[in-house]
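Asks: After the sequence you'll find the predicted model.
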Amino acid sequence: MINERFECEILRASRTRLLQLIEKSSCEILFKIPDGFNNNIIWQIGHCITSQQRHMYMRSGLPMYISKEFEESFKIGSSPASWKGIPDVNEVKHLLIDTVNRLESDLESGLFVSYDHFELPMGFQVKNHVEALQAANYHEAEHSGKIFTYLKLLAKE
């Protein structure tokens, strides 16, 4: 049986690391797009938040804890080129941790009862909110790798 609390601890650790990265990086670094890529560090982080919200809450028929504007800025297929305005770094920082706090509370209260399954691009079926949480952790690890690659590339410029 999957331990939801442990999965949340992984998510919190990942998000805390990303928050620390934001706090020690300049806005120039956070918003700069490395050569050969179409997104920046803030997009990568906002995308992680948005994907977790969509996969956990939207697919469970529940309201997300992000605004429609935030979702539009960071959903799959978006990029800084499609932004209607510059995202607020403080909002991203807040949502990194607040969405984990709310998720833990919602899991404890048994809020997740139904789920609209979907298939990940790699071919796996996500059938419930627990699998969505596991997929979110995997997804965030992928994007964290991209973020640290971006940092190395941008440091060379």
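Replies: Cool, got the structure.

Asks: got the contact list for the most centrally placed residue in the chain?
Replies: Among the residues of the chain, C48 comes closest to the average C-alpha position under Cα atoms, centre = their mean, at 1.4 Å. The contact partners of C48, taken as Cβ atoms under 8 Å, 6 or more residues apart in numbering, are L18, A136, H139, E140, H143, S144. Any C-beta I mention is one placed from the backbone N, CA and C, and that applies to glycine too.

Asks: can you give me the strands in the chain?
Replies: In the chain, the segments counted as strands under DSSP state E are 118-119, 125-126.

Asks: Buried deepest among those strands, which one?
Replies: Of all those, strand 125-126 has the most neighbours on average by mean count of other Cβ atoms under 10 Å, namely a mean of 14.

Asks: Paired strands for that strand, with orientation please.
Replies: Note on strand 125-126: by DSSP bridges, its sheet partners are strand 118-119 (antiparallel).

Asks: In JSON lines: the strands of the chain, plus distance to I2 and mean pLDDT.
Replies: Listed next are these as JSON lines, based on distance: least, Cβ to Cβ, whole Å; pLDDT from 0 to 100:
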{"stretch": "strand 118-119", "distance to I2": "18", "mean pLDDT": "93"}
{"stretch": "strand 125-126", "distance to I2": "13", "mean pLDDT": "94"}
